[in-house]
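Engineer: Fold the following for me, if possible:
(chains A and B)
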Amino acid sequence: MPEITDEIKVREEKLKKLRESGIEPYPYSYDIKENISAIVKKYKNKSEEELEKEKIEISTAGRIIAKRIMGGASFFHLTNGKDKLQLYLKKNIVGNENYKLFKSFDLGDFVGVEGKLFKTRTGELTVVVENFEFLSKCLLPLPEKWHGLQDKELRFRQRYLDLFINPGSREIFEKRFKMIREIRRFLDSRDYIEVETPMMQPIPGGAIARPFITHHNALNMDLYLRIAPELYLKRLLVGGFERVYEINRNFRNEGISSQHNPEFTMLEFYQAYSDFEDLIELTEELFQDLIDKGIAPEKIEFEGDEIKLTPPFKKLDFIEAIEKYSPLSKEEILDKEKLINHALKLAGEDNLTPTYGKALDYVFDEYVKENLVQPTFVMNHPEEISPLSKPHRKMPGRTERFELFMAKMELANGFSELNDPEIQLQRFKEQVKDREAGDEEAHLIDYDYIKALQYGMPPAAGEGIGIDRLTMIITGTRSIKEVILFPLLKPKEE
RNA sequence: GGCCCGUUAGCUCAGCUGGUAGAGCAUCUGACUCUUAAUCAGAGGGUCGCAGGUUCGAUCCCUGCACGGGUCACCA
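Structural biologist: Next comes the predicted model:
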């Protein structure tokens, strides 16, 4: 509970007075004919004369966000969270008592109003209020109107305030959810169907990450919140779904940063009879589509650079990328022992599990990632870091895999799916060795998944796209907390 | 987890070498019938994040803690 300040006392007192004068401060409904955005959109370009002639009666509702009180007539602004509409209240129209009553309403209160539209001297669309009804009380004082709510901590903890006080914040989320809607439409139009797979899994698979553990009481068993839906979506390929996708949360029990939230939203999709090249093409089509639909811009600013989001994107071989941006030669990268030693020296002995996979990851992140500003597909990853990808048809030891990077972030990861159960089992076993070598994040063997593959999975390609990061890209935002409505924060003791 | 920075009125922020705090908005009272960051006159509002320490005296210096931000590490 907030500390009771004088202002809160005043507001509570006003609430009491409303009740005493027979006004229900929390009524059930109000008949709005149009919301504020609709009214503004429809009538803001009408001239003073047109409005005068047409005598447009409106009925709408919203939250009071500004008061300019004068002797016998006052102005208010009403907002629906997105747009605002000015109200003009005149003593000799609503009557003395009502005028006094309306003046006593606080910033943040909800009211419903009826009246005619007109334009003020300065040309602002305004309602002359004829009737009004109190709709809900705001008991706590609002942030300042001019600077809005600046404190990031308060913005995230009390996102509802951020959303209706700071227009930029609302715009980010509108964009996010429009983007998701368009992605669904894009995939639906390509004969995909959207599915749901378990969030609670007995064996967490499909990615390399530490899981959250939970417990089912009735079955007395531990379960893991999923780190990825991958292995379940591929079971659906076995089951005869040829094109499936899921947009949902993944959970990873790892650090929080400007690019990581413990729960984050992932799009994963799988397409039978296709390979990784097909999905690279599809990914580029998706970006083009988002640009065509006005959801993504053609370019964004990033640390003084300009990132072009229009495909085609650059392509870079994984090993050649390391060779290009690190002091290492190709031979040194491919020599497992040399690379592990190099990575260990770079990271410090205690900070890295000494496996080839970890060393590759480390070296890539260390040397390459920071150079990937423009959209770039990194391709043909080594088998050691791609346990679920199909071996490359032309490059031994490599897989048919790609990752899309931009703005120094990984945005997407896709590959031709490994559907040979024997090789898959072999890869899982190698992961177990990594786990024994100290890599806590290596995959566990999912025998049930192997069994599914033994029934036969069609050739297929699959991809995951980080929705939060994609939102960051299209809105030019640098922190993942800005694109997640309620990012995880530690509770604050009151 | 390491390092750096922040935490002062409801909100946005000042606060000098250490002498127990200010502004704007918001709130309250009064004036004002086209204002729009309305204006004008007045008023109230603070455990200076929390706990210790140094000092005659701490918002200020020191230590610890909490929360947040940045960065590095972990991590796709």
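
Engineer: confidence score at the closest residue to RNA strand B within chain A?
Structural biologist: Scanning chain A for proximity to RNA strand B using Cβ to the nearest atom of the strand identifies residue A:71 as nearest, at 1.7 Å. Where you see a C-beta, it was placed from the backbone N, CA and C, and this is true even at glycine. pLDDT recorded at residue A:71 is 93.

Engineer: measure it to residue A:124 for me?
Structural biologist: Plainly put, residue A:71 is 21 Å away from residue A:124 if you go by Cβ to Cβ, to the nearest Å.

Engineer: Settle it for me: which of the two has more neighbours?
Structural biologist: More neighbours surround residue A:124 than the other of residue A:71 and residue A:124, with 14 against 6 (other Cβ atoms under 10 Å).

Engineer: Surely the more buried one touches residue A:88?
Structural biologist: No: applying Cβ atoms under 8 Å, one finds residue A:124 not in contact with residue A:88, separated by 9.8 Å.

Engineer: Find the residues that touch each one of the two.
Structural biologist: Shared contacts of residue A:124 and residue A:88 (Cβ atoms under 8 Å, 6 or more residues apart in numbering): none.

Engineer: Spell out which parts of the stretch 1-150 of chain A neighbour RNA strand B.
Structural biologist: A:3, A:5-7, A:10, A:66-73, A:75, A:86, A:90-92, A:104, A:106-107, A:118, A:120-124, A:126, A:140-150 (Cβ under 7 Å from any atom of the strand).

Engineer: Just the buried ones from those residues?
Structural biologist: Among those, the ones that count as buried by 16 or more other Cβ atoms under 10 Å are A:75, A:86, A:91, A:106-107, A:118, A:126, A:142-143, A:148-149.

Engineer: Most widely separated two among those?
Structural biologist: Pairwise distances across these (Cβ to Cβ) peak at 34.2 Å, for the pair A:91 and A:149.

Engineer: Quick check: helices, which of the buried ones among the residues of the stretch 1-150 of chain A next to RNA strand B are part of them?
Structural biologist: Under the assignment DSSP state H, these contribute residue A:91 to helices.

Engineer: May I see the buried ones among the residues of the stretch 1-150 of chain A next to RNA strand B arranged in a markdown table, with pLDDT as well?
Structural biologist: Below are these laid out as a markdown table (pLDDT from 0 to 100):
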| residue | pLDDT |
| --- | --- |
| A:75 | 97 |
| A:86 | 98 |
| A:91 | 95 |
| A:106 | 96 |
| A:107 | 96 |
| A:118 | 96 |
| A:126 | 97 |
| A:142 | 93 |
| A:143 | 93 |
| A:148 | 91 |
| A:149 | 93 |
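
Engineer: Number of residues surrounding residue A:267?
Structural biologist: 20.

Engineer: next one: phi and psi at it?
Structural biologist: Phi and psi for residue A:267, reported as degrees, to the nearest 10, are phi -100, psi 120.

Engineer: same deal with the one 3 residues further on?
Structural biologist: Main-chain torsions, residue A:270, degrees, to the nearest 10: phi -130, psi 140.

Engineer: Quick one: the strands in the stretch 301-450 of chain A, in order.
Structural biologist: For the stretch 301-450 of chain A, the strands defined by DSSP state E, counting those that start in this stretch cover A:305-308, A:314-317, A:376-379, A:401-406, A:409-416.

Engineer: hey, where'd the helices end up in the stretch 101-250 of chain A?
Structural biologist: Taking DSSP state H, counting those that start in this stretch, the helices of the stretch 101-250 of chain A run over residues A:152-157, A:159-165, A:167-188, A:230-238.

Engineer: Tell me which of the ones you listed is the most buried.
Structural biologist: Greatest average neighbour count among those goes to helix A:230-238 (a mean of 22), per mean count of other Cβ atoms under 10 Å.

Engineer: name the helices or strands packed onto that helix?
Structural biologist: Packing contacts for helix A:230-238, counted by 3 or more Cβ pairs under 8 Å, 6 or more residues apart in numbering; DSSP states H and E, involve strand A:243-251, strand A:263-272, helix A:447-454, strand A:460-466.

Engineer: Any part of that helix near RNA strand B?
Structural biologist: No: using Cβ under 7 Å from any atom of the strand, helix A:230-238 stays clear of RNA strand B, coming no nearer than 12.2 Å.

Engineer: can you give me how far that helix is from the chain middle?
Structural biologist: 24 Å (Cα atoms, centre = their mean, to the nearest Å).

Engineer: relative to helix A:447-454, how tilted is it?
Structural biologist: Counting by axes from the mean of the first three to the mean of the last three Cα atoms, to 10 degrees, helix A:230-238 lies at 30 degrees to helix A:447-454.

Engineer: residues near the nearest residue in space to residue A:232 that is not next to it in sequence, how many?
Structural biologist: Once flanking residues are discounted, residue A:232 sits nearest to residue A:197: 3.6 Å by Cβ to Cβ, 6 or more residues apart in numbering. The number of residues packed near residue A:197 is 20, by other Cβ under 10 Å.

Engineer: For residue A:197, give me phi and psi.
Structural biologist: Reported as degrees, to the nearest 10, the phi and psi values for residue A:197 are phi -130, psi 170.

Engineer: For it, give me the pLDDT.
Structural biologist: Residue A:197 is given a pLDDT of 97.

Engineer: How about the one 10 residues further on?
Structural biologist: Residue A:207 carries a pLDDT value of 87.

Engineer: Ok, residue A:1 next?
Structural biologist: Among the per-residue scores, residue A:1 holds a pLDDT of 54.

Engineer: Check residue A:359 too.
Structural biologist: What the model reports for residue A:359 is a pLDDT of 88.

Engineer: Without its sequence neighbours, what residue ends up closest to it?
Structural biologist: Closest to residue A:359 by Cβ to Cβ, 6+ apart is residue A:343, at 3.7 Å.

Engineer: Just confirm that neighbour contacts residue A:352, I think it does.
Structural biologist: Yes: applying Cβ under 8 Å, one finds residue A:343 in contact with residue A:352, separated by 5.9 Å.

Engineer: Could you tell me which residues touch both of these two?
Structural biologist: A:358-359, A:362.

Engineer: In helices only, show me the residues you listed.
Structural biologist: Among the shared contacts of residue A:343 and residue A:352, DSSP H puts A:358-359, A:362 in helices.

Engineer: RNA strand B next: which of these are close?
Structural biologist: Answer for these near RNA strand B (Cβ under 7 Å from any atom of the strand): A:358, A:362.

Engineer: okay if I get the ones in helices among the shared contacts of residue A:343 and residue A:352 as TSV plus neighbour count?
Structural biologist: Converted to TSV, these look like this (neighbours: other Cβ atoms under 10 Å):
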residue	neighbour count
A:358	24
A:359	26
A:362	20
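
Engineer: Output the ones in helices among the shared contacts of residue A:343 and residue A:352 in TSV; the columns should cover distance to residue A:259.
Structural biologist: Putting these into TSV (distance: Cβ to Cβ, whole Å) gives the following:
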residue	distance to residue A:259
A:358	20
A:359	22
A:362	17
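
Engineer: State the number of residues packed around residue A:217.
Structural biologist: For residue A:217, using other Cβ under 10 Å, the count is 6.

Engineer: Single out the most deeply packed of the helices and strands packed on helix A:230-238.
Structural biologist: It is strand A:460-466: most buried of the helices and strands packed on helix A:230-238 by mean count of other Cβ under 10 Å, with a mean of 24.

Engineer: All good on my end, thank you.
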